[in-house]
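**Student:** turn this into a model:
(one chain, ligands or ions: 1)
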Amino acid sequence: MSIVILLLVALIVVLGVADIRRNLVTKPIFAVFKKILPPLSDTEREAMEAGDVWWDGELFKGKPDWHKLHAIPKAELSAEEQAFMDNEVETLLKMLDDYKIVQEQRDLPAEVWSYIKGNGFFAMIIPKSYGGREFSAIANSTIVSRIATRSLTAAVTIMVPNSLGPGELLMHYGTQEQKDRWLPGLAAGKEVPCFALTGPEAGSDAGGIPDTGVVCKGEFEGKEVVGIRLNWDKRYITLAPVATVLGLAFKLYDPDNLLGEKTELGITCALIPTSHQGVEIGDRHFPMNMAFMNGTTYGKDVFIPLDWIIGGPDYAGRGWRMLVECLSAGRGISLPALATATGHLATRMTGAYSYVRQQFGMSIGKFEGVQEALGRIGAYTYSLEAMRVMTAGAIDLNLSPSVVTAIAKFHMTEMSRTLLNDAFDIHSGRAIQVGPKNYLAHGYMGMPISITVEGANILTRNLMIFGQGATRCHPYVLQELEAAANPNAEEGLKQFDSLLMKHIGFAMGNTFGALFQGLTAGAFNSSPVAGETAKYYKQLSRMSRALALCADFSMLMLGGDLKRKEMLSARLGDVLSHLYIASAVLKFYEDNGRQVADLPFVRYAVERNLFEIGKALDGFLQNFPSRVVARVLKTLVFPFGIGYKMPADETAQDICDALLKPGVIRDRLTHLCFIGEGENDPTGLMESAFMAVHEAQPVMKKIYAAQKQGTIARKLPMDILIEKALEASVISSDEAQQLRVMNKLRFESISVDSFKPGVLSDNAI
Ligand SMILES: Cc1cc2nc3c(=O)[nH]c(=O)nc-3n(C[C@H](O)[C@H](O)[C@H](O)COP(=O)(O)OP(=O)(O)OC[C@H]3O[C@@H](n4cnc5c(N)ncnc54)[C@H](O)[C@@H]3O)c2cc1C
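**Tutor:** Predicted structure coming up:
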């Protein structure tokens, strides 16, 4: 007994007396820490330090404060933004014929270009003082989304100047002179921007671009000045073929120390008029046959003055951080907007088609196999809309949440890829035959582009979400790394010591918390709401605790190796991501007034998220290098096994019920989907057929009853059936006429395009 007391006293002295603790405990741990977590490279450090930690930080801490989630303001359009949606956007939509744009003209028509330029579509993020629209992120997202349901080409063309590009960089970092020089022209559409980072040798590894700028003296406007001699070779650059101003990223060197002592300054961004001598706008690419402008640019020994650096000479070498920060905002708006547009269009059209199209004597939407896919389409679209609104909302709070936007980019584009595949499977041949009637084909062709740009998806999932997320969102690790990098070793040790004690407390809390929640299945966790969704908050809190625990253990066991162990770390990233998606869904449900009709969508979405979290943790634990630690973690987190299941079939069926009939939930879920007027437009035709088939149901019921009684034969083609029913006085002549109109619409809506010999060889691809 006395030995135990003595040991306890010794422990209290060692841990309680700072100097003793620091020397005996912290110092050796600090040495090991430095060894297992090697110092960050400059680009890694800048990527991690750039941007903000937001709701992702809460999820990572293991104990999310759900009241904070609900307190995040709901992102909404202002009256002025709504008026732009109702007027300028609607006018533009009517000008777009996506089949002609993509398959025939391979460019936007001249009048569309001038409408876009002249009506501030390129100026959504530019302040009013420069003639811009100064719209919010949610407006930017909503506008791009709505346009994308009509034409991906138009949406991408509009999206680029409003996301990462000269405008965004100038507003954040430009000198007053640069803003005055460029922003009015960009706002008026007189200048068309592009931004060139990617080249043949550097895509994902954008920090490794081989393009150079060398500080030297040269002649500019007849005078000798200090400037930069540039050499670059870029590809894949959107809008390059029509750009008047080129944003260029390159590595800056100062061998003669004309700017200071440093000879390697690092990545730098400059704005160069494309008319400047030596700037070559090369050939046009043809990305997946899409018609937006995309191409190459290169230059050899092009001399530019120093003040063309964005932000002026003071910003020489600070380009990487600028790009990471601005990219993260763009990633949270543009690609999520396109992904959501795919959801709105696919949900509305596939629901309608599933009802209108009959096989084996009934709507294909009544077959369970189709319902499984249609249910997924609806639920993913609900999640997409929830994430779109919440993520754009963060940017409207002037945040640049780099991990959240990486989650949005990866998961939203992947969800849209999945649901588009489902939409294709349901439409079958109707979606395959390309022509003016096909409203899905161009979205499908363009899907790999969304997957590739702004951080290709494999890289985004495997490196950005957890690789950066773990360090960014963890309450202590980034500060511990900073302590390790402190050039003053004694100071670093002091910082580390205070962090270590907090970190140990955090880890202990997570260990016991995870076990308690595992044993009680999270039943004692609190929920900010009552009702059906309360149980989801409890489970998400439990899984947040599991993430915090597993993340700590993997950093402890694997250290710097964790970022190379992408298959492991990506699974932890998946856990964080699904916690975020579920949070967005629950918040969306609350923000929209807890509509009962939304419940099947919420149920499906959150249960799938929990299922995916269980799957990701299971995969993580199965592959964790230390089997002993894996077993301990599994016992702590899932003492009775992983109980999360995919949503029940009835949930998918409830969603289908909502999508197979006209109604408020269908309208709300697809509110961004463009539906053309009249039957000449493919979406308008499908919608008209859907409504007509519904409205004809009371009349059809009379016919079915007569068939049951034997008054009219069964299995007749529809046109003959209508006439037989009229002859037998089962229906009136007005009702017969209603059915004739319905049948015509139905037939046209399921028809596909065919082309006379020679037409395709002249025009299309
Ligand atoms: C249509 C289109 C428009 C574009 N517009 C622009 C533009 O306007 N301006 C601009 O500068 N660029 C633009 N890009 C470039 C785009 O950002 C790059 O294509 C993208 O960064 C990927 O580079 P890459 O294609 O060279 O692929 P690579 O970098 O060669 O990558 C190949 C694969 O390896 C994976 N990978 C690479 N590194 C890792 C890693 N560490 N861990 C896991 N996986 C990894 C990637 O995820 C990818 O799947 C555009 C591209 C396209 C296709």
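**Student:** interface residues of this structure facing the ligand?
**Tutor:** Proximity of the chain to the ligand (CB under 6 Å from any ligand atom) is limited to residues 195-198, 203-204, 236-238, 287, 294, 449, 452-453, 456, 458-459, 462-463, 566. In this view, the C-beta of every residue, glycine as well, is placed from N, C-alpha and C.
**Student:** whichever of those residues end up buried, select them in ChimeraX.
**Tutor:** Of the residues of the chain next to the ligand, the buried ones can be selected in ChimeraX as follows, counting by 16 or more other CB atoms under 10 Å:
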select :195,196,197,198,203,236,237,238,287,294,449,452,453,459,462,463,566
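**Student:** in helices only, show me the residues of the chain next to the ligand.
**Tutor:** Counting by DSSP state H, those place Ile449, Thr452, Ile458, Leu459, Glu566 in helices.
**Student:** and those as JSON lines, adding pLDDT?
**Tutor:** Converted to JSON lines, these look like this (pLDDT from 0 to 100):
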{"residue": "Ile449", "pLDDT": "97"}
{"residue": "Thr452", "pLDDT": "97"}
{"residue": "Ile458", "pLDDT": "96"}
{"residue": "Leu459", "pLDDT": "94"}
{"residue": "Glu566", "pLDDT": "93"}
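**Student:** any chance of CSV for these, columns distance to Tyr704?
**Tutor:** Listed next are these as CSV, based on distance: CB to CB, whole Å:
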residue, distance to Tyr704
Ile449, 47
Thr452, 51
Ile458, 52
Leu459, 56
Glu566, 58
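**Student:** what is the nearest of those residues to Leu745?
**Tutor:** For these, the residue nearest Leu745 by CB to CB is Ile449; the value is 33.8 Å.
**Student:** and that closest one, what does it touch?
**Tutor:** Counting by CB atoms under 8 Å, 6 or more residues apart in numbering, Ile449 touches Val156, Pro287, Met288, Met290.
**Student:** where does the chain dip in pLDDT?
**Tutor:** Counting by pLDDT under 70, the chain contains low-confidence ranges at 1-16, 37-45, 47-48, 762-765.
**Student:** picking up where we left off before, out of the contacts of Ile449, who's the most crowded?
**Tutor:** For the contacts of Ile449, the largest number of neighbours (other CB atoms under 10 Å) sits with Val156, at 26 neighbours.
**Student:** please name the residues that touch it.
**Tutor:** Going by CB under 8 Å, 6+ apart, Val156 touches Thr238, Met290, Phe292, Leu338, Gly446, Ile449.
**Student:** again, but for Ala50
**Tutor:** Contact partners of Ala50, counting by CB under 8 Å, 6+ apart, are Arg321, Val324, Glu325, Ser328, Ser400, Ser402.
**Student:** can you redo these as JSON lines with secondary structure and neighbour count?
**Tutor:** Formatted as JSON lines, these follow (DSSP: H, G, I helix; E, B strand; the rest coil; neighbours: other CB atoms under 10 Å):
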{"residue": "Arg321", "secondary structure": "helix", "neighbour count": "21"}
{"residue": "Val324", "secondary structure": "helix", "neighbour count": "21"}
{"residue": "Glu325", "secondary structure": "helix", "neighbour count": "22"}
{"residue": "Ser328", "secondary structure": "helix", "neighbour count": "27"}
{"residue": "Ser400", "secondary structure": "coil", "neighbour count": "22"}
{"residue": "Ser402", "secondary structure": "helix", "neighbour count": "29"}
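**Student:** mind giving me the packing neighbours of the longest strand along the chain?
**Tutor:** Scanning the chain for the strand with the most residues, using DSSP state E, yields strand 223-238. On a contact count with 3 or more CB pairs under 8 Å, 6 or more residues apart in numbering; DSSP states H and E, strand 223-238 meets strand 193-196, strand 212-220, strand 245-253, strand 294-305.
**Student:** buried residues, the third one. List them.
**Tutor:** Along strand 245-253, these residues count as buried under the neighbour rule (16+ other CB under 10 Å): Val245, Leu246, Gly247, Leu248, Ala249, Phe250, Lys251, Leu252, Tyr253.
**Student:** what packs against the very next helix or strand once past it?
**Tutor:** Next in sequence after strand 245-253, counting helices and strands by DSSP states H and E, comes strand 264-273. Counting contacts by 3+ CB pairs under 8 Å, 6+ apart, strand 264-273 packs against helix 166-173, strand 212-220, strand 245-253, strand 294-305, helix 319-331.
**Student:** could you dump the contacts of Val156 to a markdown table with distance to Glu261?
**Tutor:** Listed next are the contacts of Val156 as a markdown table, based on distance: CB to CB, whole Å:
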| residue | distance to Glu261 |
| --- | --- |
| Thr238 | 38 |
| Met290 | 47 |
| Phe292 | 44 |
| Leu338 | 45 |
| Gly446 | 48 |
| Ile449 | 43 |
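**Student:** cool, thanks, talk later.
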